[in-house]
Structure formats: C-alpha cells, structure tokens
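> How does the following fold in three dimensions:
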Amino acid sequence: MMVRIFKPAKTAMQSGRSKTREWVLEYRAESRRIPEPLMGWVSAGDTTNQVRIPFESKDEAVAFAKKHGFTYMVQEPHERQVHPKAYADNFAYTRRGNWTH
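Next up, the predicted model:
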C-alpha cells in the first residue's frame, strides 16, 4: 500500500499556522471513486483514503510506514520566505514606483 508523508500547508481561510507543525501520514486511494446511483454522492470501496495519522516528526512517520511495510513517499515542505517590511519603506527614496493612496 502506498502512503504519503507530508507537512500540511496553511489554508487560505486562516492567518495563523496552527495545524502546520506536525507531519501527516495519508493513505493513497487504492480504488476509484464512483458516484452512487441513488444519491449521486461520490464513494470509494475502501475507507483508508479517509485516514490521516499525525506524527510529531518526519522520522516517526517514516518509521511507522517501514514497520507496517508500506511504500512511502515523503514530500518536503516549502520553506516560507519572510520579507521584513516597515512603514517607513513607503517613503524611502529607493522606492520603486510612485507612492499613491
């Protein structure tokens, strides 16, 4: 069975990074998702694609995958680049472009 180990990204609906600190092990879908004929909801034959297991570190998640014999893929997180800004930069002589309201 294939699993993916990753660190979740911040959602667009939040400004903080509260749920991005831990690593997550997520199972890959083994079967196709098909719409049910009666209601039209999308379902799958197995429920492992709904399982997400959180871990404190990447090493713990990899050890879990190896222990259970899973084939795993690790996605490294993108590092955030912080550009420090100050209000005084709006009035700097080296500012590119005109200052407008």
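> alpha carbons only for contacts and neighbour counts from here, please
Fine.
> This protein: helices as residue ranges?
Along the chain, counting by DSSP state H, helices occupy 58-67.
> and the least confident helix or strand in the chain by mean pLDDT, which residues are buried?
Lowest on mean pLDDT, DSSP states H and E among the helices and strands of the chain sits strand 42-44, with a mean of 82. Under the neighbour-count criterion of 16 or more other CA atoms under 10 Å, strand 42-44 has residue 44 buried.
> helices or strands next to that strand in the packing?
Other elements packing on strand 42-44 under the criterion 3 or more CA pairs under 8 Å, 6 or more residues apart in numbering; DSSP states H and E are strand 33-35.
> And the contacts of the strand it packs on?
With CA atoms under 8 Å, 6 or more residues apart in numbering as the test, strand 33-35 has contacts from 41-45.
> And that strand, how far out from the chain middle?
With CA atoms, centre = their mean, to the nearest Å as the basis, strand 33-35 stands 24 Å off its chain's centre.
> which one of the contacts of strand 33-35 sits closest to residue 94?
Nearest to residue 94 out of these is residue 42 (CA to CA; 55.5 Å).
> Near the closest residue in space to that closest one that isn't next to it in sequence, how many residues? Count them for me, please.
With CA to CA, 6 or more residues apart in numbering as the criterion, residue 42 has its nearest non-adjacent residue at 4.2 Å, and that residue is residue 35. Neighbour count of residue 35, defined by other CA atoms under 10 Å: 11.
> From residue 44, how far out is residue 35?
9 Å (CA to CA, to the nearest Å).
> before we move on, what about residue 65?
Taken as CA to CA, the span from residue 65 to residue 44 is 23 Å.
> same thing with residue 19?
27 Å.
> and what of residue 63?
Remark: distance between residue 63 and residue 44 (CA to CA) = 28 Å.
> Fine by me, we can end here.
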